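below are the sequence and a predicted model for it; my questions follow.
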Amino acid sequence: MIVISVVVIVADARFDRLTPVRSVIGTGLAPIHWLGNAPSELEHWVAGLFTTREDLQAENEDLRARLLILERRALKYAALASENNELRRLMNSSEVLDDRVIVGEIVGVSPDPFSHEVIINKGSRDGVTVGQAILDANGLLGQVQQTSSFTSRVLLVSDSSHAVPVEVVRNGLRAILLGNGDINALELVHVPDTADIREGDLLVSSGLGGRFPKGYPVAEVASITKESGEPFVNIKATPKARLNQSRLVLVVFPPEGKKDEDGNAPGQGSTTVNVEPGDGGER
């Protein structure tokens, strides 16, 4: 018997002769394995028949809770993806600027419906001073109006008290772009009816008045209306910056050589400039 066992072991190990036999035996034992698992399967089946309504409700609520958690995670990932895309656009914008910039985040909005102001999370400890230009990924957002240690209040270009000296990129025509309290529209004033300006013209900051650096996109001419007998035309422009959507912003620092003897940014000492027709200024 021992000899036969040794022969069988050697034949299986060296010549793989017993594989078909092993396969036949395994097939024959399959019903035995099934019968062995039958009591357990039957127990689970019977238990399922007597599941209570409370158990089903609890399981349903648990599944709903898990679904809500997964949906929240999906929304969070979508928000992170959107923030990442916005940050990429912002970084691309900062690469084309000559001035030093830092990235800030809008953390608050003024509740006053007649005041277009936001609060960013950069303040005097970050070197932010009154009068600095604030950009988003698309254009000029506004200027710093007030600072504290950790935050700054920014006046948007759409505020009715805001003005930006601009020029038309196509021909260098200069004018003043005013906010009128409409988040989606600005007014270009003191433009003669003979001026060469067209719908679609891009308006950039002219640098006059010393408040805003030259060349930042501000708005695009949307409509031009000429009234009989009036020396100036009525021009509406659409802001380039997403005034009510952007969350990440760029705080622009002027070159060191352009600060005054007190160390302030250009235009910081005064906030009111007389606006004359055909000239740039700030009010």
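Thanks, I have the structure now.

so what touches stretch 227-241?
135-136, 138-141, 157-158, 177, 183-193, 195, 197, 203, 217-226, 277 (C-beta atoms under 8 Å, 6 or more residues apart in numbering). Placement of C-beta: from N, CA and C, glycine included.

tell me the secondary structure for the residue lying closest to residue 171 once chain neighbours are set aside?
Using C-beta to C-beta, 6 or more residues apart in numbering and skipping residues adjacent in sequence, the residue nearest residue 171 is residue 196, 5.6 Å away. Here residue 196 is recorded as coil under DSSP: H, G, I helix; E, B strand; the rest coil.

and residue 196, what pLDDT?
Predicted confidence (pLDDT) for residue 196: 91.

for the residue lying closest to residue 110 once chain neighbours are set aside, what are its contacts?
In space, residue 110 comes closest to residue 117 once its chain neighbours are excluded; the distance is 3.9 Å by C-beta to C-beta, 6+ apart. Counting by C-beta under 8 Å, 6+ apart, residue 117 makes contact with 109-110, 145, 153-156, 159.

so, low pLDDT: which residues of the stretch 101-250 of the chain?
By pLDDT under 70, the stretch 101-250 of the chain has no low-scoring segment.

ok, which stretches of it are strands?
Ranges of strands in the stretch 101-250 of the chain, per DSSP state E, counting those that start in this stretch, are 117-120, 133-135, 140-147, 152-156, 163-168, 174-179, 186-189, 202-205, 217-225, 234-239, 248-253.

out of the ones you listed, which is closest to residue 67?
With C-beta to C-beta as the criterion, residue 67 lies closest to strand 248-253 of the strands of the stretch 101-250 of the chain, at 31.5 Å.

what lines up beside that closest one in the sheet?
Applying DSSP bridges, strand 248-253 is found paired with strand 100-109 (antiparallel), strand 133-135 (antiparallel).

buried ones in the longest one, by neighbour count?
Residues 101, 104, 106 are the ones in strand 100-109 that count as buried (16 or more other C-beta atoms under 10 Å).

these into a markdown table, with extra columns for distance to residue 32?
Formatted as a markdown table, those follow (distance: C-beta to C-beta, whole Å):
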| residue | distance to residue 32 |
| --- | --- |
| 101 | 77 |
| 104 | 73 |
| 106 | 71 |
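
so what pLDDT did residue 22 get?
For residue 22, the pLDDT comes out at 62.

same question, residue 85
pLDDT recorded at residue 85 is 66.

and the residue nearest to residue 171, how far from residue 164?
Distance of residue 196 to residue 164, computed by C-beta to C-beta, to the nearest Å: 20 Å.

quick check: residue 217 touching residue 177?
No - taking contacts as C-beta atoms under 8 Å, residue 217 lies outside contact range of residue 177: 11.6 Å.

count the residues that sit near the residue nearest to residue 220 when sequence neighbours are not counted.
Distance criterion C-beta to C-beta, 6+ apart; nearest residue to residue 220, sequence neighbours excluded, is residue 238 at 5.2 Å. By other C-beta atoms under 10 Å, the residues close to residue 238 number 13.

sounds good, over and out.
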